[in-house]
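Visitor: Next input, structure requested:
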Amino acid sequence: QLAESGGDLVQSGGSLRLSCTMSGFTSDDYTIGWFRQVPGKEREGVACISTFDGSRYYDNSVKGRFTISSDNAKNTVFLEMNKLATADTALYLCAHIRASQCVRGWWNDFDLWGQGTQVTVSS
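Guide: Numbers count the residues shown, from 1 in each chain. Model prediction:
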């Protein structure tokens, strides 16, 4: 199972840290992706991390502002979000990615989702 937390209402320019806590995983290594969903728009994969090879991926819209990291001891993947803008407002979800690397197309290779955490950025 995956459980997201950390979403909140924040002002433009602010920061948030989202958490994706994993449970029931049998492997010490994993690939986790963060997505965001806005009603009426296509779901967007924003960041990915793989502990198999250390690869990371960032969508251009968040590159330089968001940082994905992992804490294996806590079975948690974090998404540090800085310089938030109103365009970042969305439901943020994490997903387990089947591939062992964050390669192109990882956003279509998921097999388990969390329920999401809402991020709202006010102007």
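
Visitor: the strands in the protein, which residues?
Guide: 2-5, 9-11, 16-22, 31-37, 44-50, 56-58, 66-71, 76-81, 90-97, 110-113, 117-122 (DSSP state E).

Visitor: Nearest to Arg104, out of those?
Guide: strand 56-58 (8.2 Å; Cβ to Cβ). (Glycine included, C-beta is placed from N, CA and C.)

Visitor: Okay, buried residues for that closest one please.
Guide: 57-58 (16 or more other Cβ atoms under 10 Å).

Visitor: can you tell me which residues contact Phe110?
Guide: Neighbour list for Phe110: 33, 95-98 [criterion: Cβ atoms under 8 Å, 6 or more residues apart in numbering].

Visitor: weakest of the strands of the chain by average pLDDT?
Guide: Per-stretch mean pLDDT for the strands of the chain is lowest at strand 110-113 (a mean of 92).

Visitor: per-residue confidence for the closest residue to Gly13 other than its chain neighbours?
Guide: Nearest non-adjacent residue to Gly13, counting by Cβ to Cβ, 6 or more residues apart in numbering: Lys83, 6.2 Å away. For Lys83, the model assigns a pLDDT of 98.

Visitor: dump the residue contacts of Lys83.
Guide: 13, 15, 65.

Visitor: follow-up on the earlier one: list only buried entries from the contacts of Phe110.
Guide: 33, 95-97.

Visitor: nearest to Phe52, of the residues you listed?
Guide: Looking across these and measuring by Cβ to Cβ, the closest to Phe52 is Ile97, at 10.4 Å.

Visitor: Could you measure from Glu42 over to Phe35?
Guide: Taking Cβ to Cβ, to the nearest Å as the measure, Glu42 falls 10 Å from Phe35.

Visitor: higher neighbour count, the two?
Guide: Each of Glu42 and Phe35 has its neighbours counted (other Cβ atoms under 10 Å); Phe35 has more, 22 against 6.
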